[in-house]
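J.: missing the sequence, but the structure's below:
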């Protein structure tokens, strides 16, 4: 591994950590949610509903860990379980309808914080950053 590659790996980790601290840790975003619970809600907010297995796959955690997270979020009324009418063994998880507005507020705060975090970059730096991130994300 070249020195430049090693430096990139270190910087990517450092930026990810700083971004997480700046964007995700403030209590008005998470409130009574852990970081892991917040991630579950982020994923489910983008989907109508997901099976536990698919949710675990998207989060890259074990099904057992997913069950623990989902159980807590169901108890906190953030999520609801929904049975599949065609297969009673299948259970889907989705964001509770009564929590969608509250989640929307949390997402807006997070987006505003992300804009502030990225605001240190000039417009041309942001364009170059977008170009580089697209190049990395388009890899197979």
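T.: Done, it's in. Computed from a predicted model, the values in this text were never measured in an experiment. Numbering: from 1, shown residues only.

J.: now do the buried residues in the longest strand seen in the chain.
T.: Of all the elements of type strand in the chain, the one with the most residues (DSSP state E) is strand 87-95. Neighbour counts over strand 87-95 (16 or more other Cβ atoms under 10 Å) mark 92, 93, 95 as buried. Bear in mind the C-beta positions are built from the backbone N, C-alpha and C, glycine included.

J.: could I get those in a markdown table, plus columns for distance to residue 13 and pLDDT?
T.: A markdown table is the format used below for the buried residues of strand 87-95 (distance: Cβ to Cβ, whole Å; pLDDT from 0 to 100):
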| residue | distance to residue 13 | pLDDT |
| --- | --- | --- |
| 92 | 35 | 93 |
| 93 | 30 | 95 |
| 95 | 30 | 93 |
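
J.: now, which of those residues sits nearest residue 130?
T.: residue 95 (28.9 Å; Cβ to Cβ).

J.: tell me the contacts of the closest one?
T.: By Cβ atoms under 8 Å, 6 or more residues apart in numbering, the residues touching residue 95 are 41, 44, 45, 78, 79, 80, 103.

J.: and the gap between it and residue 72?
T.: 15 Å (Cβ to Cβ, to the nearest Å).

J.: repeat for residue 98
T.: 17 Å.

J.: how about residue 33?
T.: 9 Å.

J.: between these two, tell me which one has more neighbours.
T.: More neighbours surround residue 33 than the other of residue 33 and residue 72, with 19 against 16 (other Cβ atoms under 10 Å).
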